[in-house]
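Asker: Sequence and computational prediction follow.
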Amino acid sequence: MHYTYQKHGSFQYLANFRQTPNIVQLQSSKQKYEFGMGYAKKALDLAIRTDKVVEFVNQVKCFIENTKVELSEYQKNMHISDPLRVQHKGRQPNRYRLYGELQKKKAKHMQDTQIEK
C-alpha cells in the first residue's frame, strides 16, 4: 500500500497507517478507578438526557448486589484448607542443622554456665 500526503492537511493517512486499536492495560487501582468513573459519568449523562435515570440506577444496584454475592462466595472458598496438607511449625523433621544454629546453642549454654558460677 502506498500512502501519499494530502496537501489540505488531513491526518487520515495516519489512521490508515496505524490500524491497530488502542489497547489499555490498567495497572494501579487509581487507573482502574479513573477508567470506570469515566464510563459511569458518560452513562449517567446519557441516562439524564434520555430520562432513564431510574433504569440506570437499578442496573447499577443490580451490579453491586451481584458483585457482593460473588465476593462473599469467593471469600467463603478461601477459608477451605486442603485436608491432605499438614503445615508443621518449628524445625522440620529430619532436617540438618546449620553450623550457625549449633553455635547459637553452644553460646547460650556458655552464658547459662557463666551465670550459675
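Answerer: It's in.

Asker: What residues of the helix or strand harbouring N58 count as buried?
Answerer: Here N58, judged by DSSP states H and E, is contained in helix 53-78. For helix 53-78, the buried set under the neighbour-count rule, 16 or more other Cβ atoms under 10 Å, comprises F56. All C-beta spots, glycine's among them, are computed from the backbone N, C-alpha and C.

Asker: Just name whatever secondary elements it is in contact with.
Answerer: Under the contact criterion of 3 or more Cβ pairs under 8 Å, 6 or more residues apart in numbering; DSSP states H and E, helix 53-78 touches helix 29-49.

Asker: Kindly export the helix it packs on (C-alpha atoms) in CSV.
Answerer: Coordinates of the C-alpha atoms in helix 29-49 are reproduced here as CSV (Å, rounded to 0.1, in the frame of the first residue of the first chain):
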residue,chain,number,x,y,z
SER,A,29,-6.3,0.8,41.3
LYS,A,30,-6.2,4.6,40.7
GLN,A,31,-6.1,4.0,36.9
LYS,A,32,-8.9,1.5,37.2
TYR,A,33,-11.0,3.9,39.2
GLU,A,34,-10.5,6.7,36.7
PHE,A,35,-11.3,4.4,33.8
GLY,A,36,-14.5,3.2,35.5
MET,A,37,-15.6,6.7,36.6
GLY,A,38,-15.2,8.0,33.0
TYR,A,39,-17.7,5.4,31.7
ALA,A,40,-20.0,5.9,34.7
LYS,A,41,-20.2,9.6,34.1
LYS,A,42,-20.9,9.1,30.4
ALA,A,43,-23.6,6.6,31.2
LEU,A,44,-25.2,8.8,33.8
ASP,A,45,-25.1,11.8,31.4
LEU,A,46,-26.9,9.7,28.7
ALA,A,47,-29.4,8.5,31.3
ILE,A,48,-30.2,12.1,32.3
ARG,A,49,-30.6,13.2,28.6
